[in-house]
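take a look and give me a structure for this.
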Amino acid sequence: MTNIFDNLEGEDSVFKDIKPLDHRFLPEHLPHRKEQITSIAKYWVEALNNVAPSDITIYGKTGTGKTAAAKFAKEQLKEAAKNKNIFVKVEYIRCTDYTTEYQVIAHLCQQLGRDVPHRGWTKAEVINTFRDIFKTNAFGKKLILIVILDEIDILLQKDGDGILYTLTRTENVSVLSISNYLDFKKFIKPRVMSSLRDREIVFPPYNAEQLSDILQERSRLSFDKGVLDDDVIPLCSAMAAKEEGDARYALDLLRTAGELADEKDSEIIHGNFVREAKDRIEHNKITDIIITLPTQQQRVLEALLNLTKENKEITSGKLYDAYKLVSKGDSVTYRRIFDFINELEMLGIISTNTISRGRGKGRTNIISLQCDTDLLESTLYSL
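Model (predicted):
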């Protein structure tokens, strides 16, 4: 029997190279982020003088170039330090992969040449080993370490602010935190905030014109000339601009439209493929999230769906009443519902909006779904 991949390798494709359409791809140029990258560099330049730079916090919604800018600045600093013979290390850590202080510190030790197990030691042993690295090192130079903590809000929410306390209280260590949420510092205690003293950089959403520039550059790397219809990039850019300027979404649209063209044996990527791509991405995203949610959160979504179909204004009180009906006696407390609401909002499935009822009547949180109700219904009832 022939290998199944033998028949696939030589197939025609609209793609010249699909990698540049992956949001993790780091291009040589980042359009419309020079100001933010320069701001990072102005703080990090101290490392080239053998001084630990200021801590930095980067804010911005998903797909605004935060991670790419930090990684770009990282590569630039490594190059500059090499030319000056300065011992600077920049370590990138995604907090969805390392969700506890122990895991982060152990990983840093390993990256810096110390053999530390992923589990088995006490936290104090790992921290002491980490700090010992900065007392002496094999290169005979002072080590300056910059730690990039991407999606730090996830780590803080799950494990507390111990990681920031440890890093900010370690000599010659600087932290660059990346978060999608402006209020993530609510997870940080005052004693840690006093050590952090970070500089803040905000990444605004891209507009349609800026997204178009990004896609034009990536498409030149990914497709041969003439593969894209004239309306493809404007469509991807306009759709992504409506999704709060999300460049990741724009890249996903363009890549998925190309994949659809391959599936349909089309040598050209047409605008209608972009519209199909939108439906496919939305379906995959929502479905994947919902099927992995705990049962109680799925019930909250079912209650939200029922209230939405009734065209009712959804407050937390009304949601809890509807949730209890869905749960049929197997329900959590009213206070726990607030945790569920926060978690579902972080996932982008719902949104909350605080409104004032007028003098003496207080403020109320209004909850609304941010996904297609038909898709939510079909997913929930298929579980």
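
give me phi/psi at His32?
The phi/psi pair for His32 (degrees, to the nearest 10) reads phi 60, psi 20.

over to Thr64?
phi -100, psi 10.

wait, it sits on Pro204?
Yes - using C-beta atoms under 8 Å, Thr64 is in contact with Pro204, at 6.8 Å. C-beta: built from backbone N, CA, C; applies to glycine.

which neighbours do the two share?
The contact sets of Thr64 and Pro204 overlap at Gly245 (C-beta atoms under 8 Å, 6 or more residues apart in numbering).

these two: which is more packed in?
Using other C-beta atoms under 10 Å as the criterion, Thr64 and Pro204 rank with Thr64 on top: 25 against 15.

mind listing the strands for the protein?
Using DSSP state E, the strands of the chain run over 56-59, 88-94, 144-150, 173-179, 199-202, 350-356, 363-369.

pLDDT of stretch 106-114, averaged?
Across stretch 106-114, the average pLDDT comes to 94.

give me the buried positions along that stretch.
106-109, 112 (16 or more other C-beta atoms under 10 Å).

looking at those residues, which is nearest Lys189?
Leu108 (22.0 Å; C-beta to C-beta).

ok, Lys318 to Gln298 distance?
19 Å (C-beta to C-beta, to the nearest Å).

typo on my end, Arg363
29 Å.

neighbour count winner among these two?
The residue with more neighbours, out of Arg363 and Gln298, is Gln298; 17 against 9, by other C-beta under 10 Å.

OK, contacts around that one?
Gln298 neighbours (C-beta under 8 Å, 6+ apart): 290, 380, 383.

among those, name the buried ones.
Buried by 16+ other C-beta under 10 Å: 290, 380, out of the contacts of Gln298.

among the contacts of Gln298, which are in helices?
290, 380 (DSSP state H).

and the residue nearest to Thr100 when sequence neighbours are not counted, how many neighbours?
The shortest distance from Thr100 to any residue other than its chain neighbours is 4.6 Å, reached at Asp159 (C-beta to C-beta, 6 or more residues apart in numbering). Asp159: 18 surrounding residues under other C-beta under 10 Å.

doesn't Ile105 make contact with Asp159?
No - between Asp159 and Ile105 no contact is recorded; they are 11.5 Å apart, counting by C-beta under 8 Å.

so what's the gap between stretch 18-30 and the chain middle?
Stretch 18-30 has its C-alpha centroid displaced from the chain centroid by 16 Å (C-alpha atoms, centre = their mean, to the nearest Å).

swap that for stretch 27-34, sorry
With C-alpha atoms, centre = their mean, you get 18 Å for stretch 27-34.

from the buried residues of stretch 106-114, pick the one nearest Leu164.
Leu108 (13.6 Å).

and the closest one, how close does it get to Asp161?
On the measure of C-beta to C-beta, Leu108 and Asp161 end up 17 Å apart.

where does the stretch 251-383 of the chain dip in pLDDT?
The model of the stretch 251-383 of the chain has pLDDT under 70 over residues 356-362.

rerun at 80
Applying pLDDT under 80 to the stretch 251-383 of the chain picks out residues 312, 346, 354-364, 382-383.

surely Thr256 meets Arg275?
No - applying C-beta under 8 Å, one finds Thr256 not in contact with Arg275, separated by 10.8 Å.

higher neighbour count, these two?
Neighbours per residue (other C-beta under 10 Å) separate Thr256 from Arg275, with Thr256 holding more: 21 against 15.

how about the nearest residue to that one, chain neighbours excluded?
Nearest residue to Thr256, sequence neighbours excluded (C-beta to C-beta, 6+ apart): Ala277, at 3.7 Å.

doesn't Leu260 make contact with that neighbour?
Yes - the pair Ala277 / Leu260 is scored as a contact, 6.1 Å apart, by C-beta under 8 Å.

what about these two, which has more around it?
Per other C-beta under 10 Å, whichever of Ala277 and Leu260 has more neighbours is Ala277, with 25 against 20.

contacting residues for the more buried one?
252-254, 256-257, 259-260.

so where's the stretch 1-150 of the chain uncertain?
For the stretch 1-150 of the chain, the stretches with pLDDT under 80 are 1-11, 85, 135-141.

repeat the analysis, applying 70 as the threshold.
Ranges of the stretch 1-150 of the chain meeting pLDDT under 70: 1-2, 4-11, 136-141.

all helices for it, in order.
With DSSP state H, counting those that start in this stretch applied, the stretch 1-150 of the chain shows helices at 6-9, 34-44, 66-84, 101-111, 123-132, listed in chain order.

what's the closest of the ones you listed to Ser179?
Ser179 lies closest to helix 66-84 among these, at 8.4 Å (C-beta to C-beta).

which other helices and strands contact that closest one?
helix 34-44, strand 56-59, strand 88-94, strand 144-150, strand 173-179 (3 or more C-beta pairs under 8 Å, 6 or more residues apart in numbering; DSSP states H and E).

coming back round to it: need the helices of the stretch 1-150 of the chain in a markdown table (columns: distance to Gly226).
A markdown table is the format used below for the helices of the stretch 1-150 of the chain (distance: least, C-beta to C-beta, whole Å):
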| stretch | distance to Gly226 |
| --- | --- |
| helix 6-9 | 24 |
| helix 34-44 | 31 |
| helix 66-84 | 28 |
| helix 101-111 | 45 |
| helix 123-132 | 54 |
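
which one of those helices is the most hemmed in?
Counting by mean count of other C-beta atoms under 10 Å, helix 101-111 has the highest mean neighbour count of the helices of the stretch 1-150 of the chain, with a mean of 20.

and Glu263, how far from Ile269?
Using C-beta to C-beta, one gets 12 Å for the distance from Glu263 to Ile269.

equivalent analysis for Asn83, please.
Using C-beta to C-beta, Asn83 is found at 42 Å from Ile269.

check Lys42 too.
In terms of C-beta to C-beta, Lys42 sits 41 Å off from Ile269.

cool, Phe72 as well?
Distance from Phe72 to Ile269, by C-beta to C-beta: 28 Å.

go on, Glu377?
Taking C-beta to C-beta, one finds Glu377 at 32 Å from Ile269.
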